[in-house]
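Asks: Provided below are the primary sequence and the corresponding predicted coordinates.
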Amino acid sequence: MSPLRLIHGAAALLAAGSLAATLWNGLEDRGVALAFGTLVAVGELTRWSDSRARQAAPLGAAGSLSYALLGTDAGRPVQHGAAQVVTVVLVAALLGAVPHIWSGATPTTDHLARRVLTVGFAAVCFQPPCDNRVFASWTGPAYPLLLLTLLALTSLCGAVLAATLAHCRTGWPFGPLLREELRGLLGIGSAVCATGAVIALGVAVAGLWALPVFCLPLLLVQVSLRRYAAVRATYRQTIASLARATEIAGCTPAGHAHRVAALSLAVGRDLGLTGPELTVLEYAALMHDIGQLSLVDPVPAGATAALPAAEQRRIALLGGAVVRQTGVAAAVAVVVERQADPCPEQPLAARVVRAVNAYEEKARDAGPEGPLRALEELRLGTAGDYAPEVVESLARVLARSRGRPAPVPPPGTARRTELSDPAPGWVTHG
């Protein structure tokens, strides 16, 4: 059984069992359940997804976890158990996810499975001992430390689940995905854990009036994050518009920069680049041909891979100078400048851009055998022009997009394989 089906199956079993137990035993502390359910539903309504398939619903996550770790309400012990926690969170999350399901904008099934399993983990770890008065003698800083520890463990489980789901959906390497999720815990993840603990402690002392008071800071953080994401999206659109200047001027074929950027991102993920490194790689790939705007005589079809090395370096340096004048990050200009340097001297991002650009130029308008021949030419050039690890990563990415193992033909062969046709998503014709 695949990890994706295993996670979805476990979430479905937990949800069904919790719902059956809650219906059998009845709903305890209905006012508390309604208040936390409303908080979770509002948090889910404000959920959004960024361009790298990462979802964010910090308010819903904090509300879910605080309900799972709630032991008392204004000094009165609550009676809900782990099954009711999962049921209330599931129903609220489903209600809040209705607009997302209707629009089809986000993978709601994965999100709900992760939410059910993480909340179930926290509730099972806390509610049974709390019902048995195990934590009754925990006073002073011990009780808050207990909540923070459980929240940290739950966050780690959530990171593993998110990385596994993303790996199953996209085929990207699990290790880099997990590192990105763990890095996210240091940012908004820490705010979610802190807010979840504070809400649970605040409601235990002050009652449900503590909910809006302690949710407001996280809500403001969420609004700021969405604005920051909007600014980044606008910034990327500006760079993409600058990249189209070479197409409008007739220096490169239509869509060339975007195809190189998309394939470079896939190769970068396969090689394990981090989020900031992927951003630099994407921007550099979009603008890798911008130096051609400074040429008096345009390169035929914009194919720079076939030019002499000195001419390639001159165009790359011109492109780097243009990028620096646009105000884009200096790291992007460095990649653009060094994409034509000798392979051992290049940073990894420049190696990726060079290999992917050469593949796209060689495979474009070359017929059904073009992609395979282009890949073979790149393999033959690994002695000096192209990095071997980048070329093999490119082969894996192209093969993965077809759902088959990457073919590794010996140099010089031209037999037809699964890569003989352009892979879906990496269109190689103008």
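Replies: Structure received.
Asks: what's the neighbour count on Ala142?
Replies: 10 (other CB atoms under 10 Å). Bear in mind the C-beta positions are built from the backbone N, C-alpha and C, glycine included.
Asks: no, scratch that, I was asking about Arg379
Replies: 20.
Asks: thought it was touching Leu394?
Replies: No - with contact defined as CB atoms under 8 Å, Arg379 does not count as touching Leu394 (9.8 Å).
Asks: which SS class is Ser137?
Replies: Following DSSP: H, G, I helix; E, B strand; the rest coil, we place Ser137 in the coil state.
Asks: and the gap between it and Tyr143?
Replies: Going from Ser137 to Tyr143 by CB to CB, to the nearest Å gives 10 Å.
Asks: Which one's more surrounded, those two?
Replies: Legend: neighbour count by other CB under 10 Å for Ser137 and Tyr143, higher for Tyr143 (18 against 8).
Asks: Assess the claim that Glu361 and Ala305 are in contact.
Replies: Yes - using CB under 8 Å, Glu361 makes contact with Ala305 at a distance of 4.9 Å.
Asks: So for Leu153, what's the pLDDT?
Replies: As predicted, Leu153 sits at a pLDDT of 92.
Asks: tell me the contacts of it?
Replies: Residues near Leu153 by CB atoms under 8 Å, 6 or more residues apart in numbering: 121, 125.
Asks: one more time with 6 Å, if that's ok
Replies: Counting by CB atoms under 6 Å, 6 or more residues apart in numbering, Leu153 makes contact with nothing.
Asks: Can you tell me whether I have it right that it is in a helix?
Replies: Yes - under three-state DSSP, Leu153 sits within a helix.
Asks: Against Leu165, how distant is it?
Replies: 19 Å.
Asks: what's the helix or strand for the closest residue to Ala266 other than its chain neighbours?
Replies: With CB to CB, 6 or more residues apart in numbering as the criterion, Ala266 has its nearest non-adjacent residue at 4.5 Å, and that residue is Val397. Element membership for Val397, per DSSP states H and E: helix 388-400.
Asks: ok so, going back, show the model's pLDDT score for the residue nearest to Ala266.
Replies: pLDDT, read off for Val397, is 88.
Asks: Burial check on it, number of neighbours?
Replies: Quick note: Val397 (other CB under 10 Å) scores 25 neighbours.
Asks: where do the helices sit along the stretch 151-300 of the chain?
Replies: 174-184, 190-206, 210-243, 245-248, 256-270, 275-286 (DSSP state H, counting those that start in this stretch).
Asks: I'd like the mean pLDDT over the fourth one, please.
Replies: The reference is to helix 245-248. Helix 245-248 comes out at a mean pLDDT of 83.
Asks: Let me know the outermost residue of this structure.
Replies: In the chain, Ser137 marks the outermost C-alpha relative to the chain mean, sitting 42.2 Å out by CA atoms, centre = their mean.
Asks: Check the spacing between that one and Pro128 real quick.
Replies: Counting by CB to CB, the gap from Ser137 to Pro128 is 17 Å.
Asks: Leu70 now?
Replies: On the measure of CB to CB, Leu70 and Pro128 end up 14 Å apart.
Asks: what stretches of the protein score poorly on pLDDT?
Replies: Applying pLDDT under 70 to the chain flags residues 1, 48-56, 104-107, 296, 302, 365-367, 402-430.
Asks: was I right about the residue nearest to Ala266 contacting Leu265?
Replies: No - counting by CB atoms under 6 Å, Val397 does not reach Leu265; the two are 9.6 Å apart.
Asks: Mind giving me the packing neighbours of the helix or strand hosting Glu360?
Replies: Using DSSP H and E, Glu360 sits in helix 348-363. Applying 3 or more CB pairs under 6 Å, 6 or more residues apart in numbering; DSSP states H and E, we find helix 348-363 packed against helix 256-270, helix 275-286, helix 330-338, helix 370-380, helix 388-400.
Asks: any chance of those in a markdown table, plus distance to Ala233?
Replies: Output for the helices and strands packed on helix 348-363, formatted as a markdown table (distance: least, CB to CB, whole Å):
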| stretch | distance to Ala233 |
| --- | --- |
| helix 256-270 | 15 |
| helix 275-286 | 12 |
| helix 330-338 | 17 |
| helix 370-380 | 31 |
| helix 388-400 | 24 |
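Asks: Which of the ones you listed sits closest to Ala12?
Replies: Each of the helices and strands packed on helix 348-363 was scored for nearness to Ala12 using CB to CB, and the closest is helix 388-400 (28.0 Å).
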